[in-house]
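> I would like the atomic coordinates for the input below:
(2 chains)
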Amino acid sequence: MRAEIHPMSTLLDSAVRKICKSFDNDPTRLLDVARAVQEKYRCVSDEAVDVIAQVLHLPRVTVESLVSFYAFLSREKQGRVIIRLCDDVIDRMHGYDRVLAVFREELGIEVGETTSDGNITLERTACIGMSDQAPAALINDVVVTRLNSDRAREIVRELREHMDPNRLVRTYGRGNNAHDLVRSMVHNNIQTEPLVLLSAINRCGAIRKALSLRPVEVIRAVKAARLRGRGGAGFPCGMKWEFTRAADGEQKVVICNADEGEPGTFKDRILLTEYPDRVFAGMTIAGYAIGAQEGILYLRAEYAYLRAFLEDVLQKRREDGLLGDGILGRDDVSFDIRIQMGAGAYVCGEETALISSCEGTRGDPKNRPPFPAQHGYLGRPTSVNNVETLCCVTKIMEEGAAAFSQYGTKQSSGTKLLSISGDCRRPGVYELPFGTTLREVLALCDADDAIAVQVGGPSGQMVGPEHYDRQICFDDLATGGSIMTFGPGRDLLEVVSGFLEFFEDESCGYCTPCRVGTVLLKEAVDRVRADLCEPLDIERFEEMGTMMKAMSRCGLGQTAPNPVLSTLENFPALYAGCNKVDSDGYRRSFDLEASLSEARAIRGGHPEAATNGKGGPQ
Amino acid sequence: MAKPRIATTSLCGCFGCHMSLLDIDERILALAELVDFDRSPIDDIKHISQRCRVGLIEGGCANEENVEVLREFRRNCDILVSVGDCATTGGLPALRNLVPLQECLEEAYVHGPSVHNPSGEIPNDPEIPLLLNKVYPAHEVVKVDYHLPGCPPSADTLWAALNALLADEPVQLPYELIKYD
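Next up, the predicted model:
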């Protein structure tokens, strides 16, 4: 037996070594190594873990824990084709259950299993950034959208025939979705006329302009435009750059956060597909402003279908002197960008977790301070900026701060890209000036009859019609871009429960308030849904929500109670069932008979004992 | 005026919390001045005889008898306190929640490395209360008014909490009394 296994092991050993070597045996590229091993062997096996640990001089547990952390890595061998069905509140509204049922039935397997021939694995995954064309799935790297049960059935049959996910794409989407290096059926669904960000590209104007200024003047221009971070938190971009520029450290880093994981957000998808030059120009300008020569685009694994295209754009920019050494002939300015692929983890959208992930470790958030501006990627001062923020930078350079800040409000200048999905007749991406009211937004996307709108994704807030005159901006309804609309008849508690399930799945597990709190909140909401709640559940929500906000280590846990807290505030009627008081003080959710079922079944196997006795305890 | 009454019980616990209660040492004399003890393992009274001011619960619920006792306490006590980590979270016994009941029993009575059980039978006398599918913390079975963390809560913690409850004051324990690292 040994003799038979040995050659295989040697083969794996040398292949894994080769992969490690292609990343210079650099332990900070562990994530890339693991991704490459996963791609080649469809798993990162125990043996592979051993080899990687040995070659990269890492403790075995570091490699194991990395593999266990990311959804797109696995210890067990997966099928040649992996169907990852997007399981998200919006997809559930559009027929996820029916599609899933067909996949299970046609494949004869459950979620998480692989067909017996080892060909196809079925999984569910969090929002893949296709809420405007839900239900959607990733089949390996290929995105399939607008699924229904018929199409799901066909997909399985076609895959069985040719096992080539690329052939599932019949017609390409418009624009660069049809580019030779993309070839995707994804649609952009841009619904508004171009204002700022979605206007025609000017490939090198912005960089030329920036290089004509001193770095501090670039920062001054960004400050004059009052640009705030578009990821959601709204931190002033100029200030972030100033801190990073001022921080001690020879090498500085610009990271573009393209880990667009907030469910219901897909605006970066459009920027990366149609305006990659604008994104990369923004990164280059950021590099010049803060004195960085190194840039990283952190691309979420779900957008892997854009990778070859983006690499090509980068290469063309290098050839045209817009990246690399001596940008636009200036010997003193160099800057280059590499793409770091993610591997499926929502928490990596949080900047310190994203830095951990770039460093090749689990995407665990880090304690702050020190802030990334002082001590970021590999200890270097780092500015992490959202894709959209960097596009704003490019426009500010091209057209000036005044032209940029003519849009929007005093505190929130410029325009915002909104990703709108749910019960609306025109889902897609909208570019609107900050200060636009929700009512105007709903009219535009044709969702006037919405009974509720989730602004800012699950971590944001749910508001009802009495809030529709509020404005989209940092000081009122802040959003990183996600707007989900819910029409008449939608069960809002089901939505809340879905959001909590998402946080429960995505919690990294590091800190207790988040790891445990998300589970307890979900259980409590499900008690409300089952009409088994009590007044103390309400107290519990508030107590738990406050505790999680105060005690969680990063934004995930701090915002995870928001679905409950915002509906408690804005939709108290949903929780009316909790006001029933039970005078005996017994919990209605505890069902003694149900919780004795296993013991009864076990005792039932011994009829003698069951009939001879004098009965239960007194 | 009659003295307020206290009842205590140990459900699925180790009696450690009761030991900690006895650790109040000579203060138990002062406590006896303040209160009358009703049902408790300390005096071996089997059922609550009349309305109690405070009920102290040690341990979570692992079987039907635990549930029965806990409900008796809830019916008869004005204030119910989960004492210690087992009552509060299920504690160590709740580790079995990760394993199906049948497997737990087989490991304990049939396959365990130190088990000598030639008949291979799992104890099944009807006198033995049926186990619940999972171990529950007290507050998932009845409404609980206060939780005292600790394994066990120290004598000083119990003393401070009892004094506050009996004096009808809010239970505000200083950090030192609920810090366990």
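
> Could you tell me which residues of chain B lie near chain A?
B:64-65, B:67-68, B:71, B:74-75, B:80, B:100-102, B:105, B:122, B:124-127, B:129-134, B:136, B:139-143 (C-beta under 8 Å from any C-beta of the partner chain). Yep, even glycine has a C-beta here, placed from its N, CA and C like the rest.

> Among those residues, name the ones in strands.
B:80, B:131-134, B:136 (DSSP state E).

> For the nearest residue to A:Asn176 once chain neighbours are set aside, give me its contacts.
Spatially, and ignoring its direct neighbours in sequence, A:Asn176 is nearest to A:Thr273 (4.9 Å; C-beta to C-beta, 6 or more residues apart in numbering or on different chains). A:Thr273 makes contact with A:175-177, A:182, A:186, A:188, A:306, A:309, according to C-beta atoms under 8 Å, 6 or more residues apart in numbering or on different chains.

> So which of these belong to helices?
A:Phe309 (DSSP state H).

> tell me the two of the contacts of A:Thr273 that are most distant?
Spanning the widest gap among the contacts of A:Thr273 are A:Asn188 and A:Phe309, at 13.9 Å by C-beta to C-beta.

> residues of stretch B:61-75 that come out buried?
Neighbour counts over stretch B:61-75 (16 or more other C-beta atoms under 10 Å in any protein chain shown) mark B:61-67, B:69-74 as buried.

> for stretch A:450-470, same thing?
So, applying 16+ other C-beta under 10 Å, buried residues of stretch A:450-470: A:450, A:452-464, A:467-468.

> Which of these fall in strands?
A:452-455, A:461-463.

> Surely A:Leu299 touches A:Gln340?
Yes. Under the criterion of C-beta atoms under 8 Å, A:Leu299 makes contact with A:Gln340 at 7.0 Å.

> Need phi/psi at the residue of chain B found nearest chain A.
Nearest residue of chain B to chain A (C-beta to the nearest C-beta) works out as B:Pro126 at 2.2 Å. Main-chain torsions, B:Pro126, degrees, to the nearest 10: phi -60, psi -20.

> still on that earlier bit, kindly give a single PyMOL line that selects the buried subset of the residues of chain B next to chain A.
Per 16+ other C-beta under 10 Å, the buried members of these correspond to this PyMOL selection:
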select buried, chain B and resi 64+65+67+71+74+80+101+105+122+124+126+129+130+131+132+133+134+136+139+140+141+142+143
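
> CA-only coordinates of stretch A:103-123 in CSV, if you can.
The C-alpha trace of stretch A:103-123 is given here as CSV (Å, rounded to 0.1, in the frame of the first residue of the first chain):
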residue,chain,number,x,y,z
PHE,A,103,-30.2,21.8,-7.9
ARG,A,104,-30.6,19.4,-5.0
GLU,A,105,-33.0,17.3,-6.8
GLU,A,106,-31.1,17.2,-10.1
LEU,A,107,-27.7,16.6,-8.5
GLY,A,108,-29.1,14.3,-5.8
ILE,A,109,-27.1,16.0,-3.1
GLU,A,110,-27.5,18.4,-0.3
VAL,A,111,-25.8,21.8,0.2
GLY,A,112,-22.1,21.2,1.1
GLU,A,113,-22.0,17.8,-0.7
THR,A,114,-20.3,16.6,-3.9
THR,A,115,-21.8,14.2,-6.4
SER,A,116,-20.5,10.6,-6.0
ASP,A,117,-18.6,10.9,-9.3
GLY,A,118,-16.7,13.8,-7.7
ASN,A,119,-17.8,16.2,-10.5
ILE,A,120,-20.1,18.7,-9.0
THR,A,121,-20.3,20.3,-5.5
LEU,A,122,-23.3,22.3,-4.3
GLU,A,123,-22.8,25.2,-1.9
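
> any low-confidence regions in chain B?
B:1 (pLDDT under 70).

> Spatially central residue in it, please.
B:Glu58 (1.4 Å; C-alpha atoms, centre = their mean).

> For chain A, give me the ranges with low pLDDT.
Residues of chain A that meet the criterion pLDDT under 70 lie in A:1-8, A:581-582, A:605-618.

> In terms of residue numbering, what are the domains of it?
A:2-69, A:83-170, A:205-405, A:416-486, A:492-579 (automatic domain parsing).

> could those be laid out in JSON lines, adding distance to B:Pro113?
Putting the domains of chain A into JSON lines (distance: least, C-beta to C-beta, whole Å) gives the following:
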{"stretch": "domain A:2-69", "distance to B:Pro113": "26"}
{"stretch": "domain A:83-170", "distance to B:Pro113": "32"}
{"stretch": "domain A:205-405", "distance to B:Pro113": "35"}
{"stretch": "domain A:416-486", "distance to B:Pro113": "47"}
{"stretch": "domain A:492-579", "distance to B:Pro113": "31"}
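
> Next, work out how far apart the residue located most distally from the centre of chain B and A:Arg587 are.
Using C-alpha atoms, centre = their mean, the residue of chain B lying farthest from its centre is B:Pro118. It sits 34.7 Å away. When distance is defined by C-beta to C-beta, to the nearest Å, B:Pro118 is 43 Å away from A:Arg587.

> likewise A:Leu556?
With C-beta to C-beta as the criterion, A:Leu556 and A:Arg587 are 29 Å apart.

> May I ask you to confirm that A:Ser507 is in contact with A:Gly555?
No. If you go by C-beta under 8 Å, A:Ser507 and A:Gly555 don't touch, sitting 11.7 Å apart.

> neighbour-wise, which of these two wins?
Neighbour comparison, A:Ser507 and A:Gly555: the larger count goes to A:Ser507, with 23 against 18 (by other C-beta atoms under 10 Å in any protein chain shown).

> Enumerate every residue touching that one.
Counted by C-beta under 8 Å, 6+ apart, A:Ser507 has contacts A:347, A:514-515, A:518, A:556-557, A:560.

> How about B:His139, nearest residue that isn't a chain neighbour?
B:Ser82 (6.3 Å).

> Give me the contacts around the helix or strand encompassing the one you found.
B:Ser82 is part of strand B:77-83 when elements are defined by DSSP states H and E. Residues outside strand B:77-83 that contact it (C-beta under 8 Å, 6+ apart) are A:585, B:7, B:17, B:48, B:51-58, B:73-74, B:88, B:137-139, B:142-148, B:152-153, B:158, B:161, B:165.
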